[in-house]
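A.B. asks: Fold the following and give me the result.
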Amino acid sequence: MSNICGIRFQDKISDWKDAIRQVAQPLLEKGCIQESYIDAMIQNVIENGNYIIIMPGFAMPHARPEFGALGNGMSVLKVKEPVMFPGDQEVTVLVSFSGVNPEEHLEMISKLTDVLMDDELVDKLFSASTESEVLEVIA
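C.D. replies: The predicted model follows:
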């Protein structure tokens, strides 16, 4: 897939806002996004609800490129203990990305959707416990 900036595993995260910050951290560290992009992702959930939860247990936080995307990248966060999003929706896998233009942005969503439509790949993603297992699914 695109430039994988980081894959992280955590046992527990305090809340959904922190989960978004955590999944976005590798993008920030690699220079793919500005801090404003993280704020925009959080604001999107506050204003638009849980549209980023695209299937049970899976969230795809992102923002529009103009909110601070500097490069194309993707990061993954897996949490052992589910994070509660508004509306009591539990999430254990978050994939965040940045695309510098609308075409890149839509291409990443499309590629990720292809993965999520394959039940076997989804099972592998949810059960992955190492970076290489996650890469095998999303690469």
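A.B. asks: so Met41 makes contact with Ile20?
C.D. replies: Yes - counting by CB atoms under 8 Å, Met41 does reach Ile20; the two are 5.2 Å apart. Every residue, glycine included, has its C-beta placed from N, CA and C.
A.B. asks: what residues do those two have in common as contacts?
C.D. replies: 61, 96 (CB atoms under 8 Å, 6 or more residues apart in numbering).
A.B. asks: Now do the same for the most centrally placed residue in the chain: helix, strand or coil?
C.D. replies: The residue lying closest to the centre of the chain (CA atoms, centre = their mean) is Val95, at 2.0 Å. Following DSSP: H, G, I helix; E, B strand; the rest coil, the label given to Val95 is strand.
A.B. asks: I'd say it and Gly57 touch.
C.D. replies: No - the pair Val95 / Gly57 is not scored as a contact, 11.8 Å apart, by CB under 8 Å.
A.B. asks: and Cys5, backbone torsions?
C.D. replies: Backbone torsions of Cys5, given as degrees, to the nearest 10, read phi -90, psi -30.
A.B. asks: All further residue positions should be reported with the first residue as 8.
C.D. replies: Happy to do that; since the first residue is 8 now, the last one works out to Cys12.
A.B. asks: Count the neighbours of it for me.
C.D. replies: Neighbours of Cys12 under the rule other CB atoms under 10 Å: 24.
A.B. asks: same check, this time on Gln29
C.D. replies: By the criterion of other CB under 10 Å, Gln29 has 20 neighbours.
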